[in-house]
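# model this:
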Amino acid sequence: MTKLISIEPATGAVLWTGDVDDADAAVASARKAWPTWAALPLTKRIEAVRRYANRIRTQSEQLAELIARETGKPIWESRTEVESVIKKIDISVTAYADRTAQRQLPSQPNMRAALRHKPHGVLAVLGPYNFPAHLPNGHIVPALIAGNVVVFKPSEKTPAVGQFLTDAFAKSGLPEGVVNIVQGGPETGKQLTANDDIDGVLFTGSAQTGIALNRQFASRPDKILALEMGGNNPIIVWDTDDIHSAAVLVIQSAFLSAGQRCSAASRMIVKDELYDRVVTEVKRIADRLIIDEPFSKPAPFMGPVIDNEVADGLTESFLALMSHGGRPIKHMARPLDERPFLTPGIIDVTDMEERPDIELFGPILQIIRVPDFETAIAEANNTRYGLSAALIGGTAEQYGQYWSNSRAGIVNWNKMTVGASSDAPFGGIGLSGNHRASAYYAADYCAYPVVSMEAEQTRASIGVGLKDE
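Prediction:
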């Protein structure tokens with residue numbers, strides 16, 4: 001049987017080994033469990049996910065340490081991810097009541113009109129490696145509350161965290177088959193999504209994979225498809241007296257999680273007159289960032305990227321930007337050849353004839369200088385993606401102009417592009433998603449509305465269009 005191996009990116013140690021699973025068997029198990037789970041009262045399903053939250057709470061430090069070891073992110077950041085996992089339960093309960101509540105509708109006399117929601121059935125959840133607990137949890141919990149059952153495939157780069165979550169569900173007393181795990185690589189994912197007995201796919205990951213799923217399900221409108229993909233996100237820096245705070249927001253937007261966030265700022269668009277001061281301060285802070293192992297002291301700002309293959313690709317991307325006219329402000333470096341640690345790379349791409357519209361999923365910040373605000377907005381929208389955007393500085397009128405004209409699902413003012421609240425919807429347009437926002441709005445794609453007209457007695461007549469008897 002094929003084995004799956006998880007390596008700690010910060011140390012190179014083997015963290016976890018396990019067998020590659022049969023996706024078809026997991027789907028069959030889920031299909032068998034679904035009728036009973038869907039028939040449970042909502043209160044019972046909520047009780048079950050609350051027991052899961054309590055189990056995660058009692059094992060929070062163990063899970064945080066596992067996330068830190070398997071992803072390489074600092075332990076302080078891993079702890080915030082675990083907090084998000086726990087908080088997701090209450091948020092999802094509130095969101096389900098808000099977004100899919102039963103309602104009485106206006107109706108005729110002696111008639112009752114009602115709006116209720118039904119679950120889809122068996123949902124496949126495909127999780128990413130950057131937030132291996134929080135992001136799949138954000139699909140799984142709303143799906144369960146709505147009455148669906150789940151087949152969860154974690155990223156092959158973070159299988160240990162995926163196994164931990166699935167075990168926590170099982171130990172919380174959920175019936176067998178309600179949450180199933182499928183460990184494996186891309187071929188296992190293809191086997192799962194090709195199974196005709198699933199009723200939909202909830203996906204978080206790259207645009208490339210999301211597009212492939214969109215094509216795969218183009219002829220299957222009967223199956224729900226929720227795509228949460230990446231971004232080529234802009235952050236505009238305009239008129240501001242606080243250059244330091246502006247630079248801090250840029251640094252946090254671009255380099256938190258080693259730049260491995262779908263909402264990370266990839267492009268800083270800056271006014272000509274501010275260029276020297278802003279870029280100097282951004283580089284000064286970037287030079288001070290501590291990049292180290294998850295548990296090192298003093299605490300690092302960021303750890304490594306997920307593996308050497310990704311680190312090699314990012315290094316090559318930075319060199320490609322340089323070779324096509326980019327001017328390096330801060331060179332990207334590999335402190336350790338055998339480990340995927342990267343120093344932040346900052347590069348001015350203003351003079352490049354063609355800037356690549358791709359998601360550079362790592363610590364690379366491209367800088368573009370512009371003469372006026374209209375050009376800044378046009379440059380921000382110069383992408384096929386549309387997830388997150390921010391304006392630092394400027395006036396309320398300029399923010400209103402930016403908000404109105406920005407092509408993104410998240411548009412912030414004097415805040416980071418990252419760190420969206422789970423109490424709000426999260427999603428984008430273009431290559432960033434298919435208009436099925438997650439987070440608070442996940443309830444929308446986990447159940448579908450059913451409208452009913454109901455009467456206690458069968459009474460009907462035809463008042464026009466009949467011949468005389």
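# use CA for all of it now, contacts and neighbours both
Will do.
# which of the three states applies to Glu81?
Classification of Glu81 by DSSP: H, G, I helix; E, B strand; the rest coil places it in helix.
# and the closest residue to it other than its chain neighbours, how many residues sit next to it?
Distances taken as CA to CA, 6 or more residues apart in numbering put His134 closest to Glu81, at 5.9 Å, once the chain neighbours are dropped. Per other CA atoms under 10 Å, the neighbour tally for His134 reads 23.
# swap in Pro142?
So Pro142, with other CA under 10 Å, has 30 neighbours.
# do a quick rundown of the strands in the stretch 51-200 of the chain.
Under the criterion DSSP state E, counting those that start in this stretch, the stretch 51-200 of the chain contains strands at 103-105, 112-119, 122-126, 149-153, 179-181, 200-204.
# quick one: closest of those strands to Arg369.
When the strands of the stretch 51-200 of the chain are compared by CA to CA, strand 200-204 sits nearest Arg369, at 32.3 Å.
# mind giving me the packing neighbours of that closest one?
strand 122-126, helix 134-146, strand 224-228 (3 or more CA pairs under 8 Å, 6 or more residues apart in numbering; DSSP states H and E).
# how about a cut-off of 6 Å?
With contacts taken as 3 or more CA pairs under 6 Å, 6 or more residues apart in numbering; DSSP states H and E, strand 200-204 sits against strand 122-126, strand 224-228.
# got a markdown table for those, with mean pLDDT, mean neighbour count and distance to Lys190 too?
Shown next, in a markdown table, are the helices and strands packed on strand 200-204 (pLDDT from 0 to 100; neighbours: other CA atoms under 10 Å; distance: least, CA to CA, whole Å):
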| stretch | mean pLDDT | mean neighbour count | distance to Lys190 |
| --- | --- | --- | --- |
| strand 122-126 | 98 | 28 | 11 |
| strand 224-228 | 97 | 25 | 15 |
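# and the worst-scoring helix or strand of the chain on mean pLDDT, how far out from the chain's middle?
Least confident element among the helices and strands of the chain, by mean pLDDT, DSSP states H and E: strand 103-105 (a mean of 79). Taking the mean of its C-alpha atoms, strand 103-105 sits 33 Å from the chain's own mean (CA atoms, centre = their mean, to the nearest Å).
# and the helices in the stretch 201-350 of the chain?
207-216, 243-255, 275-288, 308-323 (DSSP state H, counting those that start in this stretch).
# hey, which of these is tucked in deepest?
helix 243-255 (a mean of 23; mean count of other CA atoms under 10 Å).
# and that one, what does it pack against?
If you count contacts as 3+ CA pairs under 6 Å, 6+ apart, helix 243-255 packs onto no helix or strand.
# how distant is it from the center of its chain?
In this view, helix 243-255 has its centroid 22 Å away from the chain centroid, taken as CA atoms, centre = their mean.
# need the helices and strands packed on strand 200-204 in CSV (columns: distance to Arg55).
Below are the helices and strands packed on strand 200-204 laid out as CSV (distance: least, CA to CA, whole Å):
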stretch, distance to Arg55
strand 122-126, 21
strand 224-228, 27
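# quick one: which helix or strand includes Thr11?
Thr11 belongs to no helix or strand when elements are defined using DSSP states H and E.
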